[in-house]
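Peer 1: Sequence and computational prediction follow.
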Amino acid sequence: QVQLAESGGGLVQAGGSLRLSCAASGRTFSSYAYAMGWFRQAPGKEREFVAGIRWSEGNTHYADPVKGRFTISRDHAKNTVYLQMNSLKPDDTAVYYCAAGPYLLLHPSAYTYWGQGTQVTVSS
């Protein structure tokens, strides 16, 4: 089993920045070449892919709306994945979830483990 815990959400003005963290515990990621993804879900909308990273190689992928503004990274020693969010917009308002799965894919169904989510609210 893998446990994921997000933190770092909050209220920020448009143009501001936040850094989300996702601390993982349980199984050893490097042994299973897990991919880690950040997703978000706004009220009345489907959960959507934001960014993902391969735990071992560090390959990354971003959704078009966040390219150039968000950066995903990981710290092996801390078993933690980060999402640095800059130039935030009101449209970025959502609950942000981290997830772990065997492949770096865009659909939520590809991910096995999920955190509880953290709220990000961007005011205009």
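Peer 2: That came through, no problem.
Peer 1: ok, Asp91 touching Pro65?
Peer 2: Yes. Using CB atoms under 8 Å, Asp91 is in contact with Pro65, at 7.4 Å. Where you see a C-beta, it was placed from the backbone N, CA and C, and this is true even at glycine.
Peer 1: Can you pull the phi and psi angles for the closest residue to Gly8 other than its chain neighbours?
Peer 2: Closest residue in space to Gly8, ignoring its immediate chain neighbours: Leu20 at 4.2 Å, by CB to CB, 6 or more residues apart in numbering. Per-residue torsions, Leu20: phi -90, psi 150 (degrees, to the nearest 10).
Peer 1: for this structure, what spans make up the strands?
Peer 2: Secondary structure of the chain (DSSP state E): strands at 2-7, 10-13, 18-26, 35-41, 48-54, 60-62, 70-75, 80-85, 94-101, 113-114, 118-123.
Peer 1: which stretch among these comes nearest His107?
Peer 2: Minimum separation from His107 across the strands of the chain (CB to CB) falls at strand 48-54, 7.4 Å.
Peer 1: Convert the closest one to PDB, retaining C-alpha atoms only.
Peer 2: Only the C-alpha atoms of strand 48-54 are listed here, as PDB (Å, rounded to 0.1, in the frame of the first residue of the first chain):
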ATOM      1  CA  GLU A  48      -8.300  16.700 -14.800                       C
ATOM      2  CA  PHE A  49      -4.600  16.000 -15.200                       C
ATOM      3  CA  VAL A  50      -2.300  18.900 -14.300                       C
ATOM      4  CA  ALA A  51       1.300  17.500 -14.200                       C
ATOM      5  CA  GLY A  52       3.100  14.200 -13.800                       C
ATOM      6  CA  ILE A  53       6.600  12.900 -13.200                       C
ATOM      7  CA  ARG A  54       8.300   9.500 -13.400                       C
END
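Peer 1: Pull out the buried positions in it.
Peer 2: Buried positions in strand 48-54, judged by neighbour count with 16 or more other CB atoms under 10 Å: 49-54.
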